[in-house]
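> need a structure here:
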Amino acid sequence: MSGVSLSAFFTGAQASYTLRPFPLMKSFPGIRRLSYLVLASLAFIQMVPAQEPAKPIASQLQPFVDAHVLAGAVTLVASKDKVLDLSAVGFEDVAAKKPMATDALFWIASMSKPITAAALMILVDEKKVNVDDPVEKYLPEFKGQMVIAEKDDAHILLKKPVHPIRVRDVLSHTSGLPFSSTIETPTLDQFPLATRVRSYAATPLLHEPESKYLYSNAGINTAGRIIEVVSGMKYEQFLDKRIFQPLGMKDTTFWPNAEQISRLAKSYKGNKDKSDIEETPVGQLRYPLDDRVHREPMPAGGLFSTAADVARFGQMLLRGGELDGKRILSEASVKMMSSRQTPAALKESYGFGLAVNTPTFGHGGAYSTDLTIDSQFNLVLVFMVQNAGWRNDDGKKIQPAFKKAALDAFGK
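Residues are numbered from 1 along each chain as shown. Okay, the predicted model is just below:
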């Protein structure tokens, strides 16, 4: 016997293997037969391709695309060390039938809040800011701010608050500052940050600090202004130097350039009779988006980014403030951000720039984007869509479907 070809045994194999008998095998047929069996088994083990993973996680969302509830999405699942799944489904542009790409750009809206909080905590790590200090220590325009004691249709009675708002209060939405001020119309990005923050200081607090939770863009914008004053740098420059460049977040910006705009996923909402989705602009922002003269950075919700960039930020938090050997935050600062800072008497659980629901923490955005960090399974989950309100209740099932698929695949 000159040899046995194994190619016939493996349909579709990329190469055939021939077993030839060794001299010893000619003298002992039993050994020869056993050797063929062992070698054939080894060849089979090596030649069977690794099992293909299940459908990309985002494909679990295809039914929502088919039903015209979702235009398109990019989803990403990462561990502490690597991206485990990056998938795209649907369309960046429905009318043009432009498929969604994994590097599509999205307005991440309030997902900007934890990035602003992280930037401020860098200054806390450097002992330049104390979260228990009153805001007026860094921004004197807040001295003498009053709180509404009583209000009716004709009168407002003001009083001095029990204590001035503190840095921790603006980071945890317990300051009493309103969502925005009266000058922030028709868009939120038209005035310089310093001007907007002065308008907050001139506005009475809606409640005593720490007595209620009131979601407030004004509070996070105030934190952004503290960063400017303490660091001596423009807020957006501080973010770029201390967070975006070290983490390699090359597509995260307040002003997407022409190339990035070409990758921008269009935004959608339900049409008038809720029978389909239709394209809509981002009403909170001024156009064109690359206008650096008339558009100002908004710490509470102005950033654009990609799934990959957001995941880098999430991995840094999951790893306790460090990624790829570059430390952005101390572990203590990450713990403060990602643990409950709202008073125990309040039902809302919020850290510094992060919603906290142990063992997860993260933040969503106005157009349904979301970052979730799961400390139980050590996963970062990024959900990127552009929906200005779902056209029906099926839309509320989309993100849970992604999370379930992610945990089923990687939550071990």
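
> C-alpha only now, for contacts and for neighbours.
Noted.

> quick one: residue 221 is in a strand?
No - if the criterion is DSSP: H, G, I helix; E, B strand; the rest coil, then residue 221 is helix and not within a strand.

> Check it and give its pLDDT.
Reported pLDDT at residue 221 in the predicted model: 98.

> what about it, how many neighbours?
Using other C-alpha atoms under 10 Å, residue 221 is surrounded by 26 other residues.

> and if you look at residue 86?
Neighbours around residue 86, by other C-alpha under 10 Å: 18.

> what residues are up against it?
Contacts for residue 86 (C-alpha atoms under 8 Å, 6 or more residues apart in numbering) come out as 56, 74-77, 102.

> Switch these over to TSV, and while doing so, append pLDDT and distance to residue 356 to every line.
Below are the contacts of residue 86 laid out as TSV (pLDDT from 0 to 100; distance: C-alpha to C-alpha, whole Å):
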residue	pLDDT	distance to residue 356
56	71	28
74	97	24
75	97	21
76	98	20
77	98	19
102	97	28
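
> right, and out of those, which lies closest to residue 349?
residue 77 (24.5 Å; C-alpha to C-alpha).

> State the distance from the residue nearest to the spatial centre of the chain to residue 360.
By C-alpha atoms, centre = their mean, the mean C-alpha position of the chain lies nearest to residue 371, the distance being 3.4 Å. For residue 371, the distance to residue 360 (C-alpha to C-alpha, to the nearest Å) stands at 10 Å.

> contacts for stretch 264-284?
By C-alpha under 8 Å, 6+ apart, the list of residues contacting stretch 264-284 reads 68-71, 91-93, 100, 104-106, 186-189, 367, 385-392.

> Sort out for me which of the contacts of residue 86 are in strands.
74-77 (DSSP state E).

> Which two of those have the greatest separation?
74 and 77 (10.4 Å).

> just for this protein, where's the confidence low?
1-55 (pLDDT under 70).

> mind giving me the domain ranges of it?
Domain ranges of the chain: 4-47, 58-116+241-410, 131-231, per automatic domain parsing.

> Same list (those domains) but as CSV, adding distance to residue 123.
Shown next, in CSV, are the domains of the chain (distance: least, C-alpha to C-alpha, whole Å):
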stretch, distance to residue 123
domain 4-47, 54
domain 58-116+241-410, 9
domain 131-231, 8
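
> ok, residue 411 to residue 363 distance?
As judged by C-alpha to C-alpha, residue 411 and residue 363 stand 20 Å apart.

> One more: residue 80?
Distance from residue 80 to residue 363, by C-alpha to C-alpha: 18 Å.

> same thing with residue 112?
Using C-alpha to C-alpha, one obtains 9 Å as the distance from residue 112 to residue 363.

> do residue 252 as well
Counting by C-alpha to C-alpha, the gap from residue 252 to residue 363 is 16 Å.

> Could you do residue 73 as well?
17 Å.

> Who has more neighbours out of the two?
residue 73 (30 against 21).

> in the sheet, who's paired with the more buried one?
The partner list for residue 73 in beta bridges (DSSP bridges) reads residue 89.

> coming back round to it: just the buried residues from the contacts of stretch 264-284, in PyMOL please.
Buried subset of these, written as a PyMOL selection, criterion 16 or more other C-alpha atoms under 10 Å:
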select buried, resi 68+69+70+71+91+92+93+100+104+105+106+188+189+367+385+386+387+388+390+391
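
> Now intersect the contacts of stretch 264-284 with the strands, please.
Cross-referencing the contacts of stretch 264-284 against strands under DSSP E gives 91-93, 106.

> Compute the first-to-last residue distance for stretch 325-335.
End-to-end distance for stretch 325-335: 19 Å, by C-alpha to C-alpha.

> Buried residues in that stretch, which are they?
327-331, 333-334.

> Touching it from outside, list them.
Counting by C-alpha under 8 Å, 6+ apart, 118, 121-122, 124-125, 242-243, 246-247, 316-317, 320-322 sit against stretch 325-335.

> picking that back up, tell me the one of the buried residues of stretch 325-335 nearest residue 238?
Distances from residue 238 to these, taken by C-alpha to C-alpha, are shortest for residue 328, at 12.4 Å.

> quick one, phi/psi of residue 310?
Here is the backbone geometry of residue 310 (degrees, to the nearest 10): phi -60, psi -40.

> List the contacts of it.
By C-alpha under 8 Å, 6+ apart, residue 310 lies in contact with 249, 371, 382.

> mind checking the SS state of the last one?
Right, the one you point to is residue 382. Under three-state DSSP, residue 382 comes out as strand.

> What segments of the stretch 1-150 of the chain are helices?
23-27, 29-47, 62-66, 112-125 (DSSP state H, counting those that start in this stretch).

> I'd assumed residue 135 was in contact with residue 142.
Yes - using C-alpha atoms under 8 Å, residue 142 is in contact with residue 135, at 6.9 Å.

> Give me the more crowded residue out of these two.
Legend: neighbour count by other C-alpha under 10 Å for residue 142 and residue 135, higher for residue 135 (24 against 21).

> Am I right that residue 200 is in contact with residue 182?
No - using C-alpha under 8 Å as the test, residue 200 is too far from residue 182 to be in contact (9.2 Å).

> higher neighbour count, those two?
residue 200 (24 against 11).

> circling back to that earlier point, nearest spatial neighbour of the residue nearest to the centre of the chain, chain-adjacent residues omitted?
Once flanking residues are discounted, residue 371 sits nearest to residue 382: 4.8 Å by C-alpha to C-alpha, 6 or more residues apart in numbering.

> The one you found reaches residue 83, doesn't it?
No - Residue 382 is beyond contact range of residue 83, at 10.8 Å (criterion: C-alpha under 8 Å).

> who has more neighbours, these two?
residue 382 (29 against 16).

> residues contacting that one?
Residue 382 neighbours (C-alpha under 8 Å, 6+ apart): 75-77, 307, 310-311, 369-372.

> what do you get if the cut-off is 10 Å, keeping everything else the same?
Counting by C-alpha atoms under 10 Å, 6 or more residues apart in numbering, residue 382 makes contact with 74-78, 86, 306-311, 314, 362, 364, 369-373, 399, 402-403.

> And residue 90, by the same measure?
Contacts of residue 90 (C-alpha under 10 Å, 6+ apart): 58-59, 61-66, 68, 70-74, 97-101.

> Quick check: residue 348 vs residue 103, distance?
Taking C-alpha to C-alpha, one finds residue 348 at 34 Å from residue 103.

> and what of residue 293?
27 Å.

> neighbour count winner among those two?
residue 103 (20 against 7).
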